[in-house]
Structures are given as structure tokens and as C-alpha cells.
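Visitor: Quick check, what structure comes out for this input:
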Amino acid sequence: MHIKKEDRVVVISGKDKNKKGKVLVCEPKTGRLVVEKVNIVTKHEKPKGQGKPGGIVHQEAPIPASKVMLVCGKCGKATRIAYKLLSEGDKVRVCKKCGETFDK
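Guide: Numbering: from 1, shown residues only. Predicted coordinates:
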């Protein structure tokens, strides 16, 4: 998967198009991820004990990873990812537009 946890992404299609947010959860097996303040769904919860009352809860739901693009920290644009091998043998993600590396 080309997206990792804590990355800044922008949604490129669907009802939340052009929304930006941070990736909270990555699920590589299913190819989905949870982005903050994107794809908000309503969930009805029953009360669970005295400390947690029931009610209507709004939370983020997973979206396909193909619906988001990584946002470059340097140029601030949505970009594709290139991979580059460093001299130490490390494989890093690189911005296609400005050449900035995402992995430190």
C-alpha cells in the first residue's frame, strides 16, 4: 500500500471529494484506510454500563486507498508516489512533482 499511517492525504472522488485529512488507520489486507473527518457515518449504540451511555455516535468509516492521493509536505500538492533506493539500501517514497522524500 502506498499510504501509511499519519500521512496527509486528499480525497479525489466520492461525496468527500477535495477534503484533506490525516490517515488514522491503514488496513493493507482490505486496501482501505480511515481518514480523519472523512466519510462520517452515524452509528446507534446501546448503553454499556453506567459509565458509557447510549445514543447516536458519528465516526469515520474506512474508504478505499485508491480514492486518496498523498499530499506533499514541501509543495503542498496532491501527488503520485515514486520509489527511490538510497545508497544505504533503504527504499523511500518520493514526490513525483518536487522530488521531496516522505520517509525520513
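
Visitor: CA only for contacts and neighbour counts going forward, please
Guide: Noted.

Visitor: contacting residues around the longest strand along the chain?
Guide: Looking across the chain with DSSP state E, the single longest strand is strand 20-27. Contacts with strand 20-27, where a contact means C-alpha atoms under 8 Å, 6 or more residues apart in numbering, come from 3-11, 32-38.

Visitor: Can you select the buried ones from these in ChimeraX?
Guide: Selection of buried members from the contacts of strand 20-27 for ChimeraX, criterion 16 or more other C-alpha atoms under 10 Å:
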select :3,4,7,8,9,10,11,32,33,34,35,36,38
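
Visitor: Show the model's pLDDT score for the most far-flung residue of the chain relative to its centre.
Guide: Each residue of the chain has a distance to the centre, and by C-alpha atoms, centre = their mean the biggest one is for Gln50: 34.5 Å. Here, the pLDDT recorded for Gln50 equals 87.

Visitor: wait, what's in contact with it?
Guide: Contacts of Gln50 (C-alpha under 8 Å, 6+ apart): none.

Visitor: Check which residues of the longest strand of the chain are buried.
Guide: Buried residues in strand 20-27, defined by neighbour count with 16+ other C-alpha under 10 Å: Lys20, Gly21, Lys22, Val23, Leu24, Cys26.

Visitor: Report how many residues lie close to Asp90.
Guide: 9 (other C-alpha atoms under 10 Å).

Visitor: Now do it against Asp103, distance only.
Guide: 10 Å (C-alpha to C-alpha, to the nearest Å).

Visitor: sec struct for Ser66, please.
Guide: Secondary structure for Ser66, judged by DSSP: H, G, I helix; E, B strand; the rest coil, is helix.
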